[in-house]
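Chemist: structure, please.
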Amino acid sequence: MMLLVAGQPGPLEAAATFHKRTAGAETNVAIGLARLGLKVGWASRLGTDSMGRYLLAEMRREGIDCSHVVCDASQRTGFQFKGRVDDGSDPPVEYHRKGSAASHMGPDDIDAPWLTAARHLHATGVFAAVSGSTLALSQRSLALMRAAGRTISFDTNLRPTLWASPEAMREGINQLAAQADWVLPGLEEGRLLTGDGTPEGVARFYLAQGAKLVIVKLGADGAYYEGQHAGQPVRGRVPGVPVARVVDTVGAGDGFAAGVVSALLEGLDVEAAVRRGTWIGARAVQVLGDTEGLPTRAELREAGL
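Modeler: All right, here's what the predicted structure looks like:
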């Protein structure tokens, strides 16, 4: 999805200029993992319009395998507008994903041998919310990877306006989370999905559904984790990383996911993985755009992570 970020703070309708960026939860995590040197594949559908051409070029520039990106001349590329704020709060966002090329993807678009050749799948609740067919694609993808014995991470990443109802959102998201090994909800997301407003309660809800490890994001307060890892029970908290000034909160969760997933795939313990995630999330909130704060491997080494 393409992102248009307002050039000035204030209501979106008052913005005189916008800056072009890449966006989308899955896209952001793919870029974050690729910058850390992991081999990443991305499957999507774009229009052949200028937005689609821009996105494809940017993803290729990041070194991501785009062999399973379909360019469809009959459909448009999804995009969103994002405003700017001066007080560190969440900026206004408008999504234009309904009816996009990617929204027409479904289970028949899955190349099962290509998918299951990967050792890990990262999925989020955003793509699942776009349409009934993308929800079905998400369900099928997770089922294939689970059957193949691969690991799956799932970020609940709620977008209530994209769902038909709160009940449909809870059912759809929780069914997907039950297929995942590592579940990454935010605390408020967890409350909406489970009815429990505590990190421990949210974690134990998903552990009871079949997750192996749950990491609950606590914003500036860091994260809580609980579950099993490497055959051992784990539980703990990692504090947040202080920042001098919050510029843009959007994309912080994706940076967190890229940090956690990369570390776990590299064999680090859960505490170290969550420390990496909180550090990348803190970088993300200090810059405009969803991916500008995502580090390279060299920057990660400099930070001792």
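Chemist: other residues contacting the helix or strand hosting Arg21?
Modeler: Assigning secondary structure by DSSP states H and E places Arg21 in strand 18-22. The list of residues contacting strand 18-22 from outside it, by C-beta atoms under 8 Å, 6 or more residues apart in numbering, reads 1-7, 28, 31, 54-55, 58-59, 81, 288-292. In this view, the C-beta of every residue, glycine as well, is placed from N, C-alpha and C.
Chemist: and what of stretch 170-183?
Modeler: Outside stretch 170-183, the residues that reach it (C-beta under 8 Å, 6+ apart) are 123, 125, 128-129, 135, 138-139, 142-143, 146, 151-154, 156, 158, 163, 185, 192-194, 206, 209-215, 260-261, 264.
Chemist: can I get the CA coordinates of that stretch in PDB?
Modeler: Presented in PDB, the C-alpha positions along stretch 170-183 are these (Å, rounded to 0.1, in the frame of the first residue of the first chain):
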ATOM      1  CA  ARG A 170     -13.100 -10.600  17.400                       C
ATOM      2  CA  GLU A 171     -14.100 -13.900  15.700                       C
ATOM      3  CA  GLY A 172     -11.900 -13.400  12.700                       C
ATOM      4  CA  ILE A 173      -8.800 -12.200  14.500                       C
ATOM      5  CA  ASN A 174      -9.000 -14.700  17.300                       C
ATOM      6  CA  GLN A 175      -9.400 -17.600  14.800                       C
ATOM      7  CA  LEU A 176      -6.200 -16.500  13.100                       C
ATOM      8  CA  ALA A 177      -4.300 -16.000  16.400                       C
ATOM      9  CA  ALA A 178      -5.200 -19.500  17.400                       C
ATOM     10  CA  GLN A 179      -3.200 -20.800  14.400                       C
ATOM     11  CA  ALA A 180      -0.100 -18.800  15.200                       C
ATOM     12  CA  ASP A 181       3.000 -19.700  17.300                       C
ATOM     13  CA  TRP A 182       3.800 -16.200  18.400                       C
ATOM     14  CA  VAL A 183       1.000 -13.700  19.000                       C
END
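Chemist: got the buried residues for stretch 85-92?
Modeler: Residues of stretch 85-92 classed as buried by neighbour count (16 or more other C-beta atoms under 10 Å): Val85, Pro91.
Chemist: end to end, how far does that stretch reach?
Modeler: Stretch 85-92 has an end-to-end distance of 8 Å (criterion: C-alpha to C-alpha, to the nearest Å).
Chemist: from Asp181, how far off is Gly24?
Modeler: Computed as C-beta to C-beta, to the nearest Å, the Gly24 to Asp181 distance reads 22 Å.
Chemist: equivalent analysis for Leu162, please.
Modeler: Relative to Asp181, Leu162 is positioned 25 Å away (C-beta to C-beta).
Chemist: specify the beta-bridge partners of His229.
Modeler: Under DSSP bridges, the beta-bridge partners of His229 are Gln232.
Chemist: is it in contact with Ala211, as I believe?
Modeler: No. The pair formed by His229 and Ala211 falls short of the contact definition of C-beta atoms under 8 Å, at 11.6 Å.
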